[in-house]
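A.B. asks: Below is the sequence, then the predicted model.
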Amino acid sequence: MESPRWFDRSLPQTLQIATILLYMNAILTILFAPKTPLILLPAIAEAAGAYGIANSKKWGYVLAVAGAVFPLVILVYYVIAYQINIISLIFSSPLTIMFEVALVALLVHPQSREHQKIWFH
């Protein structure tokens with residue numbers, strides 16, 4: 001039986017980068033974001049998902065995708081519900097939005113999806 005690991009070098013590059021971004025995003029969110037369940041829950045899901053991906057678990061991949069998509073869903077909700085101008089929102093926090101979109105893109109990339117379908121259990 002394999003010992004648990006935090007990072008797997010044998011993963012495709014898209015999943016390796018996604019794992020690192022998931023850990024970084026979770027740590028930064030836990031350290032610097034307001035401590036509300038709506039914000040902490042996706043961060044915990046991202047950290048657990050990264051750990052699951054590193055250990056080739058399907059639940060880890062699903063949890064990582066859910067944790068990465070949730071902040072974007074909340075962002076779209078606020079834009080629609082509060083009639084926020086999307087351009088001003090993008091210019092107010094471009095790095096955050098860029099990393100969130102990149103993380104989702106890495107996780108749903110065809111190479112990542114094919115690898116998890118074949119190798120994850």
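C.D. replies: In hand now; what should we look at?

A.B. asks: who are the neighbours in contact with the most centrally placed residue in the chain?
C.D. replies: Closest to where the C-alpha atoms of the chain average out (CA atoms, centre = their mean) is residue 68, at 3.2 Å. The contact partners of residue 68, taken as CB atoms under 8 Å, 6 or more residues apart in numbering, are 22, 25, 42, 46, 49, 100, 103, 104, 107. The way it works is simple: take the backbone N, C-alpha and C, and place the C-beta from them, glycine included.

A.B. asks: Excluding its own residues, what touches the helix or strand of the chain with the lowest mean pLDDT? List them.
C.D. replies: Lowest on mean pLDDT, DSSP states H and E among the helices and strands of the chain sits helix 86-92, with a mean of 73. Here helix 86-92 makes contact (CB under 8 Å, 6+ apart) with 75, 79, 97.

A.B. asks: quick one on the thing from earlier: which strand or helix spans the residue nearest to the centre of the chain?
C.D. replies: Here residue 68 sits within helix 58-81, counting by DSSP states H and E.
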